[in-house]
Structure formats: C-alpha cells, structure tokens
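J.: Compute the structure for the input listed below.
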Amino acid sequence: MYKGFWLLPGVLLSFVSSADELHTNAFGDVFNGSSPFYVGHVDTSTEGRLWCNAFGDIFVEGSPFAVGHLDSVTSEGVLYPIVA
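T.: Model prediction:
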C-alpha cells in the first residue's frame, strides 16, 4: 500500500525547485503547490493537503485514514518537499 509513497523523496530531490505544500488529488497523485506535474503517488481516493502526525503517520487533510508513514518524526504538521 505504501510503495508509491517511498519513491516520493527521490523524485522530489530531482524535480522540485521550490518548497511548497504537498497535496494529492482524488486519484492519489501528489503535487507540489500549484504545479501541474505530479511528483509522486499515494494510495488514497481523498484529495487535499498531506500532513504528518507526531507518530509519523501521513494523512490527507480531513481524512481519518493514514496513506503512509515516515520514520524519525518528532512533530506533526503539513508536509513540504525536500529542496537540495
């Protein structure tokens, strides 16, 4: 279920030039801000901003179901891409 999400960091390092909020559409495609090009995929049918809780679980804003997980997370909040 989470295979597509783990590809996200590598894709972000290669193609993202600005740090904007990550969000997903109803098909699970992940976008950086208003860019028309998707940068990854998560398993969900809910659209909205991606955020992480203090336990590392990733949610789409307004949905109670996790769509992924991050390790070594100490705080919660909206997810942003990594900019090199």
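
J.: can you map out the helices along this protein?
T.: For the chain, helices defined by DSSP state H occupy the ranges 3-15.

J.: Output the below-cut-off pLDDT ranges for it.
T.: 1-19, 83-84 (pLDDT under 70).

J.: Could I get the full set of strands for it?
T.: For the chain, strands defined by DSSP state E occupy the ranges 22-24, 29-32, 38-41, 48-52, 57-60, 66-69, 77-78.

J.: export the second one as CSV, just CAs?
T.: The C-alpha trace of strand 29-32 is given here as CSV (Å, rounded to 0.1, in the frame of the first residue of the first chain):
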residue,chain,number,x,y,z
ASP,A,29,-1.3,11.8,-7.4
VAL,A,30,0.9,14.0,-5.3
PHE,A,31,1.6,17.6,-6.4
ASN,A,32,3.9,20.4,-5.1
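
J.: chain center to that strand: distance?
T.: In terms of CA atoms, centre = their mean, to the nearest Å, the gap separating the centre of strand 29-32 from the centre of its chain is 7 Å.

J.: That strand: partners in the sheet, and parallel or antiparallel?
T.: Strand pairing for strand 29-32, using DSSP bridges, gives strand 22-24 (antiparallel), strand 38-41 (antiparallel).

J.: so which of these is the most packed in?
T.: Comparing the strands paired with strand 29-32 by mean neighbour count (mean count of other CB atoms under 10 Å), strand 22-24 ranks first with a mean of 22. Just so you know, the C-beta spots here come from the backbone N, C-alpha and C atoms, and that holds for glycine as well.

J.: neighbouring contacts of it?
T.: Contacts with strand 22-24, where a contact means CB atoms under 8 Å, 6 or more residues apart in numbering, come from 30-32, 39, 42, 44, 46-50, 60-61, 67, 78-81.

J.: ok, 10 Å please
T.: 8, 12, 16, 29-34, 38-51, 58, 60-61, 67, 78-81 (CB atoms under 10 Å, 6 or more residues apart in numbering).

J.: count of neighbours near the closest residue to F65 other than its chain neighbours?
T.: Nearest residue to F65, sequence neighbours excluded (CB to CB, 6 or more residues apart in numbering): F59, at 7.3 Å. Neighbourhood size, F59 [other CB atoms under 10 Å]: 21.
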